[in-house]
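J.: Quick one, fold the following:
(chains A and B)
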Amino acid sequence: MRRFSTRVRTVDHAVVLRVAGDIDLLTGSQLRQALDRAHNAAHHKLIVDLTDVDFMGSAGVAALVAIHENDNPTPMIIVADHIGSPHRVLEITGLLNVLTMTTTVDKALLHGRN
Amino acid sequence: MRPVNQMVPPGAGNSALFSMSLPGEPTSVAHARRSLRQWLAGHGVAGGVLDDVVLCADEAVTNAIEHGYRGDTTGEVRLSVELLGTAIVVTVLDHGHWRPAQDGLGVSHGWGLPMIKSLAETMAVTHTDGHTTLTARFRRPG
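T.: Numbering: from 1, shown residues only, chains lettered A, B, ... in the order given. All right, here's what the predicted structure looks like:
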């Protein structure tokens, strides 16, 4: 089992926030803070990589929706594979069609480019 | 945080009961998920149903802790999961009154109950005698 952690890097002017471990009642506020910081630092694009998230509950949903709905216009792209917990949670909450989703960070970096 | 796992005696069909008491604090949810996942897997529950039941239990316990015991870690939450012939029933009981969290809606911002409704076949919340009980029922694949 992976401990909850976040890591930020910058790739091609995009800020990539990689999250690992479980997002739940205990760790949700840490995710929220990391997302806020990363979104404020991102002027072009924020990529949230959930590939290494083992479990995501409602705290993760709330944190992502807060970023999606805030006044900062920098777009957010979520990276999640089709079989993991984040994808299932975003599916049952109807958010797969609301948030911008891709399956790899590379695809997220290309997203929006012509 | 001792899980009390009870097998229904042989002859009662393929039913079984998982039950554990959890302190009303944020670290409890990971403990509940881990114990329940292990128990369900040991009783032949697998795949999407296993993940959905664990997610439902996590949300129900989160809700109980956030709304029943905000700032009060002395409260206790009881999580039970019953395997019946064709159903899996998740029950979470707390002694709180589900008052709104003091800083608004807590870390879940009201997403927990809609998630449970979406996951389960049926969901019910009852308030009696100072207890709040959430019951969610899933179909158990044969």
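
J.: Show residues contacting whichever strand or helix holds A:H68.
T.: Here A:H68 sits within helix A:58-69, counting by DSSP states H and E. Applying CB atoms under 8 Å, 6 or more residues apart in numbering or on different chains, the external contacts of helix A:58-69 come out as A:23-25, A:27-29, A:31-32, A:35-36, A:39, A:46, A:48, A:50, A:53, A:76, A:78, A:86, A:89-90, A:93, A:95, A:98-99, B:59, B:62, B:107-109, B:111-112, B:115. Where you see a C-beta, it was placed from the backbone N, CA and C, and this is true even at glycine.

J.: ok, 7 Å please
T.: Outside helix A:58-69, the residues within contact range by CB atoms under 7 Å, 6 or more residues apart in numbering or on different chains are A:23-25, A:28, A:31-32, A:35, A:39, A:76, A:78, A:86, A:89, A:93, A:95, A:99, B:59, B:62, B:107-109, B:111-112, B:115.

J.: out of the residues you listed, which are inside helices?
T.: Within the contacts of helix A:58-69, residues falling in helices by DSSP state H are A:G28, A:L31, A:R32, A:L35, A:H39, A:P86, A:V89, B:E59, B:T62, B:G112, B:M115.

J.: As a markdown table, these with neighbour count would be great.
T.: Formatted as a markdown table, the ones in helices among the contacts of helix A:58-69 follow (neighbours: other CB atoms under 10 Å in any protein chain shown):
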| residue | neighbour count |
| --- | --- |
| A:G28 | 26 |
| A:L31 | 25 |
| A:R32 | 19 |
| A:L35 | 22 |
| A:H39 | 18 |
| A:P86 | 24 |
| A:V89 | 29 |
| B:E59 | 29 |
| B:T62 | 29 |
| B:G112 | 29 |
| B:M115 | 24 |
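
J.: Give me the buried positions along the helix holding A:H68.
T.: A:S58, A:A59, A:G60, A:V61, A:A62, A:A63, A:L64, A:V65, A:I67 (16 or more other CB atoms under 10 Å in any protein chain shown).

J.: What average pLDDT does that helix get?
T.: For helix A:58-69, mean pLDDT rounds to 96.

J.: go on, stretch B:107-119?
T.: On average, stretch B:107-119 scores 91.

J.: In PDB, could you pull the C-alpha coordinates for it?
T.: Extracted in PDB, the C-alpha atoms of stretch B:107-119 (Å, rounded to 0.1, in the frame of the first residue of the first chain):
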ATOM      1  CA  VAL B 107     -14.000  17.500   3.200                       C
ATOM      2  CA  SER B 108     -16.600  15.700   1.100                       C
ATOM      3  CA  HIS B 109     -18.800  18.700   0.400                       C
ATOM      4  CA  GLY B 110     -21.900  16.700   0.300                       C
ATOM      5  CA  TRP B 111     -20.700  14.100  -2.300                       C
ATOM      6  CA  GLY B 112     -20.800  11.100   0.000                       C
ATOM      7  CA  LEU B 113     -24.500  10.200   0.100                       C
ATOM      8  CA  PRO B 114     -25.100  10.800  -3.600                       C
ATOM      9  CA  MET B 115     -22.200   8.400  -4.300                       C
ATOM     10  CA  ILE B 116     -23.700   5.700  -2.100                       C
ATOM     11  CA  LYS B 117     -27.100   6.200  -3.800                       C
ATOM     12  CA  SER B 118     -25.500   5.800  -7.100                       C
ATOM     13  CA  LEU B 119     -23.500   2.700  -6.100                       C
END
